[in-house]
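> Compute the structure for the input listed below.
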Amino acid sequence: MTDLSKLPPVDPDVPNAARMYDYFLGGSHNFAGDRAAVERIKVVMPFAAEVIHANRYFLGRAVRFCAKEGIDQFLDLGAGIPTVGNVHEAARAVDPAARVAYVDNEPVTVASAAALLDGDPLSTITAADLRDPGAVFDAPGVRALIDLSRPVALLTVSVMQFVHDDGEAAGLLDEYRSRLAPGSVHVLSHVTGDHDSTELTAAEDEYRATANPGLLRTREQVAALLDGLELVEPGIVDVTEWRPEDMIGRQHRGMWAAIGRIR
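The predicted structure is shown next:
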């Protein structure tokens, strides 16, 4: 439902976080500038790719958890390109009728997602900025697919670090959650320097030269973004430690993760 002709132009020389994430995961929807930025990050943070993959594995586990809880609607903010390990595949492994509304504001990501989702009546991609909840909820790809009178899984997986002001970030999440029916859940992961501060801070510095500078937050700051929610066990933990059915070991990899219930 996204009009691709209205997407803004892309400067391939400016690295973008969504395309960099795609490259980290082995995708092909990226440019030379994105790849060069990732390689610079790998120099200062040798385990960067492991962080990205650990986050992706967490996403799959979290989505399957939600589907097993009976939630069949997913609103994925800052979704990136729905390639291998995407939300709709994970959800439909549990519930074939699961609906997924992807939202992103990066033109290449939106165009790539539109092509990948072509012919899928239960998934949409919307070009919108998560900083504008009204535009997100009013978008045809969200409004026509997601029934807000029933529980929804709100996904903000490795995206809130791009909203730097703590108050703004908390306010945005409150606004999204306020529109969701009781029984909904909020899935969140967020980069942190709490464990390997030297490497993560160096990576944060590298991201400042991209279109999407990221911000490291402490566990306490991440907890504030989930204020008022009933956290699902095991609470706020490293992404490798959230019910790690497909992870080996319990190494800290640089992201806090949690799922909270909306009552």
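> Using CSV, write out every CA atom in stretch 62-72.
The C-alpha coordinates for stretch 62-72 follow below in CSV (Å, rounded to 0.1, in the frame of the first residue of the first chain):
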residue,chain,number,x,y,z
ALA,A,62,10.1,-13.1,20.9
VAL,A,63,7.8,-13.3,18.0
ARG,A,64,7.2,-17.0,18.5
PHE,A,65,6.5,-16.4,22.2
CYS,A,66,3.9,-13.8,21.3
ALA,A,67,2.3,-16.1,18.7
LYS,A,68,2.1,-18.9,21.2
GLU,A,69,0.4,-16.5,23.6
GLY,A,70,-2.3,-16.1,21.1
ILE,A,71,-1.3,-12.7,19.6
ASP,A,72,-1.7,-12.8,15.9
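> What is the helix ranked longest in the chain packed up against?
Longest among the helix segments of the chain by residue count, using DSSP state H, is helix 48-68. Helix 48-68 sits against helix 17-24, helix 32-44, helix 87-92, strand 153-157, strand 185-191, strand 255-261, with contacts defined as 3 or more C-beta pairs under 8 Å, 6 or more residues apart in numbering; DSSP states H and E. Glycine gets a C-beta too; all of them are placed from N, C-alpha and C.
> The longest one to helix 48-68, inter-axis angle?
It refers to helix 32-44. With axes from the mean of the first three to the mean of the last three C-alpha atoms, to 10 degrees applied, the angle from helix 32-44 to helix 48-68 works out at 100 degrees.
> got it, and the fourth one?
Taking the same axes, to 10 degrees, one finds strand 153-157 and helix 48-68 inclined to each other by 180 degrees.
> Tell me the gap between whichever helix or strand comes after strand 153-157 and the middle of its chain.
Going down the chain from strand 153-157, the next helix or strand is helix 166-178, by DSSP states H and E. Remark: helix 166-178 is offset 15 Å from the chain centroid, using C-alpha atoms, centre = their mean, to the nearest Å.
> can you check stretch 118-132 too?
On C-alpha atoms, centre = their mean, the centre of stretch 118-132 falls 13 Å from that of its chain.
> residues of the host helix or strand of residue 108 that come out buried?
Assessed by DSSP H and E, residue 108 sits inside helix 107-117. When burial is assessed from 16 or more other C-beta atoms under 10 Å, helix 107-117 yields the following buried residues: 107, 108, 109, 110, 111, 112, 113, 114, 116, 117.
> Which single one of those is nearest to residue 55?
residue 109 (16.5 Å; C-beta to C-beta).
> show me the contacts for that closest one.
18, 19, 22, 29, 79, 80, 81 (C-beta atoms under 8 Å, 6 or more residues apart in numbering).
> still on that earlier bit, compute the inter-axis angle for the helix holding residue 108 and helix 17-24.
Using the same axes, to 10 degrees: helix 107-117 against helix 17-24 is 60 degrees.
> what residue ranges in the stretch 1-150 of the chain score low on pLDDT?
1-6 (pLDDT under 70).
> repeat that with 80
1-9, 83-84 (pLDDT under 80).
> The helices and strands packed on helix 48-68: which one's closest to residue 145?
Using C-beta to C-beta, the helices and strands packed on helix 48-68 put helix 87-92 closest to residue 145, at 11.3 Å.
> export that closest one as CSV, just CAs?
Coordinates of each C-alpha in helix 87-92 appear next as CSV, following Å, rounded to 0.1, in the frame of the first residue of the first chain:
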residue,chain,number,x,y,z
VAL,A,87,8.7,-11.5,11.7
HIS,A,88,6.0,-12.9,9.4
GLU,A,89,7.9,-16.2,8.9
ALA,A,90,8.5,-16.6,12.6
ALA,A,91,4.9,-15.7,13.5
ARG,A,92,3.4,-18.0,10.9
